[in-house]
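> build me a model:
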Amino acid sequence: MVCKKYHSTMERFHSNPIPLTQKTIKYFPHIESLNIWSKLDELFGNEFIGDNTIDVAQTCCTSPNNTHNTKISFFEILIWYKVSYTFTQHKKSTNYKFKNICLEHTDRQHLSSQIPRVNSIGDKCFYKSTFLNEVTLPQTLTSLGEYSFANCDKLTSILLSHNLCHIGKNTFENCTSLVCVVLPDTIKTIPTSCFQNCVCLAVVTFSRQLEKIGNNAFCCCSSLEIVEIPPTTNCVGKYCFHNCTRLRQVNIPNGVKVLEENTFCCNAFTQIDIPEGVTEIGDQCFYGCKYLESVVVPDSVRRLGNFCFYGCRELREIKIGNNVESVGDFCFGVCTSLTRMTTQHTVFTLCEKLFDKNIVFCNDNNCVVYKL
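I've put the predicted structure just below:
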């Protein structure tokens with residue numbers, strides 16, 4: 001028994017919200033648009049194989065008594081699983097509509113100068129392409145595959161889709177002519193080595209919803225000078241800005257808890273504000289930041305890694321919070337200008353590998369020369 005209020009509910013469906021079979025299609029008597037969610041779904045006689053086209057009537061004629069061998073015609077058939085761009089071009093004259101089109105490397109021979117309206121670009125699609133200069137991606141695009149534009153050394157600009165949600169690792173690696181990039185607010189992660197060795201990249205506008213910057217993401221981007229990381233970011237990966245030789249200023253959001261190893265190592269760094277909340281500064285994090293003059297390590301920091309500030313030759317003064325429990329080897333080695341440190345004395349007992357010179361330590365307004 002069915003309540004009269006809901007008796008005709010299934011008749012109101014003109015498309016199927018779930019995969020259908022020969023047995024279940026009878027429950028949807030007014031289906032006009034057939035949704036196909038996977039390659040295993042029933043097509044009800046509307047089969048297509050390879051590049052063969054199909055001839056399907058443009059009217060709905062479903063029958064509740066349909067047998068397995070009877071073809072059912074639909075107004076349209078919507079394919080939701082991933083198909084290649086080339087495949088869709090052989091189905092233009094049919095009533096098939098493709099909702100998840102991927103542009104693959106093998107599709108490039110069918111392209112004009114403009115990238116077509118696809119939903120994703122596959123891994124290595126334009127890898128080492130020599131003809132790309134300025135690229136505008138279609139607004140239908142939601143995903144870029146790994147290495148999809150890597151080693152496109154003539155690519156100078158790329159306009160990303162406002163609907164782009166996913167970028168694969170190494171996507172723009174070695175795009176040595178790329179000058180600027182604007183990441184849409186739909187991007188939450190910049191993956192590993194995404195812009196590594198983009199030596200001309202000077203301006204990056206980050207997504208306002210960015211949460212993570214992966215390892216090596218901007219490694220060796222030697223034209224970057226100022227980086228404004230949004231406050232939503234809580235992770236900055238290893239080697240993220242390593243060897244960005246012109247980078248002189250970067251903000252660290254309050255949500256970041258660990259400064260990973262070799263994160264910066266930037267010759268031109270002049271200042272850095274480490275926010276309260278950071279608990280660890282990793283090995284070689286500021287290694288070789290030779291123009292860094294002063295640093296304040298907040299009370300939240302408990303560990304300073306090996307060679308953490310090694311080679312910061314202009315570093316004259318550093319204030320270290322009172323909760324540091326571990327200090328790595330040669331943390332301040334070759335800091336040839338360092339003359340003053342404010343901290344608790346007890347943290348630096350038995351630290352013969354920490355410095356290569358005597359330092360004036362200040363605690364409770366009493367200054368002493370700590371003998372190493």
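> and residue 356, what's its pLDDT?
The model reports residue 356 with a pLDDT of 53.
> what does stretch 182-191 rub up against?
Contacts to stretch 182-191, defined as CB atoms under 8 Å, 6 or more residues apart in numbering, come from residues 159-165, 167-171, 204-214, 217. C-beta coordinates here come from the backbone N, C-alpha and C atoms, glycine included.
> give the buried residues for that stretch.
Neighbour-count burial for stretch 182-191, counted by 16 or more other CB atoms under 10 Å, picks out 183, 187, 189, 190, 191.
> what about the strands in the stretch 151-300 of the chain?
Secondary structure of the stretch 151-300 of the chain by DSSP state E, counting those that start in this stretch: the strands cover 157-159, 166-167, 180-182, 189-190, 203-205, 212-213, 226-227, 235-236, 249-250, 258-259, 280-281, 294-297.
> among these, which comes closest to residue 132?
strand 157-159 (8.5 Å; CB to CB).
> may I ask which helix or strand encompasses the nearest residue to residue 72 once chain neighbours are set aside?
Leaving out its chain neighbours, the residue that sits closest to residue 72 by CB to CB, 6 or more residues apart in numbering is residue 44, at 4.0 Å. In this structure, residue 44 is located outside every helix and strand according to DSSP states H and E.
> residue 135 versus residue 44, what's the distance?
Using CB to CB, to the nearest Å, residue 44 is found at 41 Å from residue 135.
> so which of the two has more stuff around it?
residue 44 (21 against 18; other CB atoms under 10 Å).
> which pLDDT value goes with the closest residue to residue 11 other than its chain neighbours?
Leaving aside its sequence neighbours, residue 11 sits nearest to residue 30 (CB to CB, 6+ apart; 5.4 Å). For residue 30, the model assigns a pLDDT of 93.
> what about residue 30, how many neighbours?
13.
> I'd like to know how far it sits from residue 10.
Computed as CB to CB, the residue 30 to residue 10 distance reads 8 Å.
> residue 145 too?
Distance, residue 145 to residue 10, using CB to CB: 40 Å.
> who's more crowded, the two?
residue 145 (24 against 14).
> check contacts around the more buried one.
Residue 145 neighbours (CB under 8 Å, 6+ apart): 120, 121, 122, 123, 124, 125, 168, 171.
> one more time with 6 Å, if that's ok
121, 122, 123, 168 (CB atoms under 6 Å, 6 or more residues apart in numbering).
> and for residue 213?
Going by CB under 6 Å, 6+ apart, the list of residues near residue 213 reads 190, 236, 237, 240.
> I figured the third one hits residue 216, correct?
No - counting by CB atoms under 6 Å, residue 216 is not a contact partner of residue 237; they are 7.2 Å apart.
> one step back: just to check, the residue nearest to residue 72 is in contact with residue 70?
No - the pair residue 44 and residue 70 does not pass the contact test of CB under 6 Å, sitting 8.1 Å apart.
> list the beta-bridge partners for residue 15.
The partner list for residue 15 in beta bridges (DSSP bridges) reads residue 33.
> where's it relative to residue 73, distance?
Distance from residue 15 to residue 73, counting by CB to CB: 15 Å.
> any idea how many residues pack against residue 9?
Residue 9: 10 neighbours (other CB under 10 Å).
> ok, residue 211 next?
There are 16 residues near residue 211, going by other CB under 10 Å.
> distance of the closest residue to it other than its chain neighbours from residue 176?
Sequence neighbours aside, residue 188 is the residue nearest to residue 211 in space, at 4.8 Å (criterion: CB to CB, 6+ apart). According to CB to CB, residue 188 stands 27 Å off from residue 176.
> can you check residue 82 too?
31 Å.
> re earlier: tell me the pLDDT at the residue nearest to residue 72?
Among the per-residue scores, residue 44 holds a pLDDT of 94.
> cool, and residue 71?
At residue 71, the model reports a pLDDT of 87.
> centroid residue for the chain?
Note on the chain: the residue nearest the mean C-alpha position is residue 190, at 2.3 Å, using CA atoms, centre = their mean.
> that residue pairs with what?
Going by DSSP bridges, residue 190 forms beta bridges with residue 213.
> residue 80 contacts residue 39, correct?
No - in this structure residue 80 lies outside contact range of residue 39 using CB under 6 Å: 10.7 Å.
> ok, these two, which is more surrounded?
Taking neighbours as other CB under 10 Å, residue 80 and residue 39 compare with residue 80 leading, 14 against 10.
> residues contacting stretch 247-261, please?
Applying CB under 6 Å, 6+ apart, the contact partners of stretch 247-261 are 224-227, 229, 231, 233-234, 236-238, 241, 266, 268, 270, 275, 277, 279-285.
> and the helix or strand harbouring residue 341, how far from the chain's centre?
Using DSSP H and E, residue 341 sits in strand 340-342. Computed by CA atoms, centre = their mean, to the nearest Å, the chain-centroid distance of strand 340-342 equals 39 Å.
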